[in-house]
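> Provided below are the primary sequence and the corresponding predicted coordinates.
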Amino acid sequence: VVLHNPDGALDIQAKKTRDTSTFSELIKKFGKSNVNVEVWGFPEATNTISDRSRAVNQVPADDGSLTICFRDQGPEKIFTKMKRTTRLGTAFQSFAKRKGLNKTEDLRFILYGDRVYDLDTPESLGMNDMDQIDAVRNAHGC
């Protein structure tokens, strides 16, 4: 029987013990060379878990900014950090310029299926940190 404690992550010492145990078992089962530390989020095979748990449990100061991900049909994503009250038109112009396009004629910006306009702000749209805005090329008629 496995018990789940929803507040278990708040107990730093218990979390350290669980992380160390899980990491050790992964190494035993799959070998050190087959455990991708970045994927599993565990520290390297050292006992620096206390450093990691301090970093994980720090709450960043809310300075009124967020990072937005812009993506077009290509594989590249462009990240921009901006204040929640800044109009998105500024970021749209910057994205279009990086792509060598004229924003007003060539692109539409979409967030969760809805069109986003130049005068919108992240705050007015209720955006969260790392939300993605899709840039879609307009289809021009013949």
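Nice, thanks for sending it over. As the structure is a prediction and not an experimental result, all values here were calculated from the model.
> in the chain, which helix is the longest?
Counting residues, the longest helix found in the chain (DSSP state H) is helix 12-30.
> which strands or helices does that helix pack on?
The contact analysis (3 or more CB pairs under 8 Å, 6 or more residues apart in numbering; DSSP states H and E) places helix 12-30 against helix 49-57. Using the backbone N, CA and C atoms, a C-beta is placed for each residue, glycine as well.
> quick check: mean pLDDT of the helix it packs on?
Averaged across helix 49-57, the pLDDT comes to 40.
> where does the protein have low pLDDT?
1-12, 15, 35-63, 103-104, 141-142 (pLDDT under 70).
> and the gap between Phe109 and Lys32?
45 Å (CB to CB, to the nearest Å).
> who has more neighbours, those two?
Phe109 (22 against 11; other CB atoms under 10 Å).
> got the phi/psi numbers for the more buried one?
For Phe109, the backbone dihedrals (degrees, to the nearest 10) come out as phi -110, psi 130.
> same deal with Leu101?
phi -120, psi 160.
> who touches the nearest residue to it once chain neighbours are set aside in this structure?
Counting by CB to CB, 6 or more residues apart in numbering, Leu101 lies nearest to Leu107, which is 6.1 Å off, once chain neighbours are set aside. By CB atoms under 8 Å, 6 or more residues apart in numbering, the contact list for Leu107 reads 72, 92, 95-96, 101, 135-138.
> quick one: contacts for the closest residue to Val116 other than its chain neighbours?
Of all residues not flanking Val116 in the chain, Phe109 sits nearest, at 4.4 Å (CB to CB, 6+ apart). Shown here is Phe109, whose contacts under the criterion CB under 8 Å, 6+ apart are 88, 92, 115-116, 133-136.
> filter these to the buried ones?
The neighbour count (16 or more other CB atoms under 10 Å) marks 88, 92, 116, 133-135 as buried among the contacts of Phe109.
> just the contacts of Phe109: which are in strands?
Using DSSP state E, 115-116, 133-136 are the members of the contacts of Phe109 that sit in strands.
> ok, of the residues you listed, which one's closest to Met127?
Ile133 (8.6 Å; CB to CB).
> is that closest one bridged to anything, and to what?
Phe70 (DSSP bridges).
> which residues touch it?
68-71, 88, 109-111, 116.
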